[in-house]
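In: one predicted model, sequence on top.
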Amino acid sequence: GENVEQHPSTLSVQEGDSAVIKCTYSDSASNYFPWYKQELGKGPQLIIDIRSNVGEKKDQRIAVTLNKTAKHFSLHITETQPEDSAVYFCAAVMEYGNKLVFGAGTILRVKS
Amino acid sequence: NAGVMQNPRHLVRRRGQEARLRCSPMKGHSHVYWYRQLPEEGLKFMVYLQKENIIDESGMPKERFSAEFPKEGPSILRIQQVVRGDSAAYFCASSPQGNYGYTFGSGTRLTVV
């Protein structure tokens, strides 16, 4: 079955610096890769996603890159702000699997 | 356009009681997924349903847990004879087509005392 590994498990950055979170997936049939942000006591919120026919996608301070050959994808947050502090989850779904498989999560702390 | 609605937000049950968690998907979404999140852990897939059908229940414990998504009304996750280990946050997600656009609800936090 599909397996998603996420690193690092915790990440502390200074306000204004960039943060990068990396994930690898096992099933080459995966074709959709969303990223979720989860704040304390809340449900996961989709922040950006990418399909397998695209190598990079950007939305303001957030970008995601995908390397299908190496089977890894990354989340990049630039100019981090204290409100970016949260748990971030990557996920992958197979074309015919119809369920999201999540990484273990990254606790991001932005220090002001 | 309301998002995914889950209720109750918090549920306390004594050991041996039943817990019923409800999820109303977003308008236009016919695919529903349930996930469980233990404290300080990731989200683990439990079950995937479409209207009146269970598509994938590979993540459901073999006993005491069941799920349904009837033709009318919300999806229900039912846990019979709850034990302390069932204490967790249970999240529901819905999607329009089953392979993209998953939206999560705010979750039900179950505490078994």
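Out: Thanks, I have the structure now. Given the structure is predicted, the values throughout are model-derived calculations rather than measurements.
In: going forward, measure contacts and count neighbours with C-alpha atoms only.
Out: Noted.
In: neighbours of the nearest residue to residue B:73 once chain neighbours are set aside, how many?
Out: Spatially, and ignoring its direct neighbours in sequence, residue B:73 is nearest to residue B:24 (7.4 Å; CA to CA, 6 or more residues apart in numbering or on different chains). Number of residues near residue B:24 (other CA atoms under 10 Å in any protein chain shown) recorded here: 22.
In: cool, residue B:113 as well?
Out: Residues contacting residue B:113 under the criterion other CA under 10 Å number 12.
In: that one: what's it in contact with?
Out: For residue B:113, the contact set (CA atoms under 8 Å, 6 or more residues apart in numbering or on different chains) comprises B:12, B:13, B:14, B:15, B:84.
In: contact partners for the residue of chain A found nearest chain B?
Out: As assessed by CA to the nearest CA, chain B sits closest to residue A:43 within chain A, at 4.3 Å. By CA under 8 Å, 6+ apart, the contact list for residue A:43 reads B:91, B:104, B:105, B:106, B:107.
In: may I see the residues you listed arranged in a markdown table, with neighbour count, pLDDT and distance to chain A as well?
Out: Listed next are these as a markdown table, based on neighbours: other CA atoms under 10 Å in any protein chain shown; pLDDT from 0 to 100; distance: CA to the nearest CA, whole Å:
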| residue | neighbour count | pLDDT | distance to chain A |
| --- | --- | --- | --- |
| B:91 | 28 | 98 | 7 |
| B:104 | 27 | 95 | 6 |
| B:105 | 23 | 96 | 6 |
| B:106 | 22 | 96 | 4 |
| B:107 | 30 | 97 | 6 |
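In: now these in JSON lines, with secondary structure?
Out: Converted to JSON lines, these look like this (DSSP: H, G, I helix; E, B strand; the rest coil):
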{"residue": "B:91", "secondary structure": "strand"}
{"residue": "B:104", "secondary structure": "strand"}
{"residue": "B:105", "secondary structure": "coil"}
{"residue": "B:106", "secondary structure": "coil"}
{"residue": "B:107", "secondary structure": "coil"}
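In: and the residues you listed, which two are the farthest apart?
Out: B:104 and B:107 (8.0 Å; CA to CA).
In: picking that back up, for beta bridges, what are the partners of the residue nearest to residue B:73?
Out: Listed beta-bridge partners, residue B:24: residue B:5 (assigned using DSSP bridges).
In: burial count for the nearest residue to residue B:86 once chain neighbours are set aside?
Out: In this structure, residue B:86 finds its nearest non-sequential neighbour in residue B:112, 7.0 Å apart by CA to CA, 6+ apart. Counted by other CA under 10 Å, the residues lying close to residue B:112 total 19.
In: quick one: pLDDT of residue B:112?
Out: Confidence at residue B:112, expressed as pLDDT, is 98.
In: also residue A:94?
Out: So residue A:94 comes in at 68 (pLDDT).
In: ok, residue B:29 next?
Out: 89.
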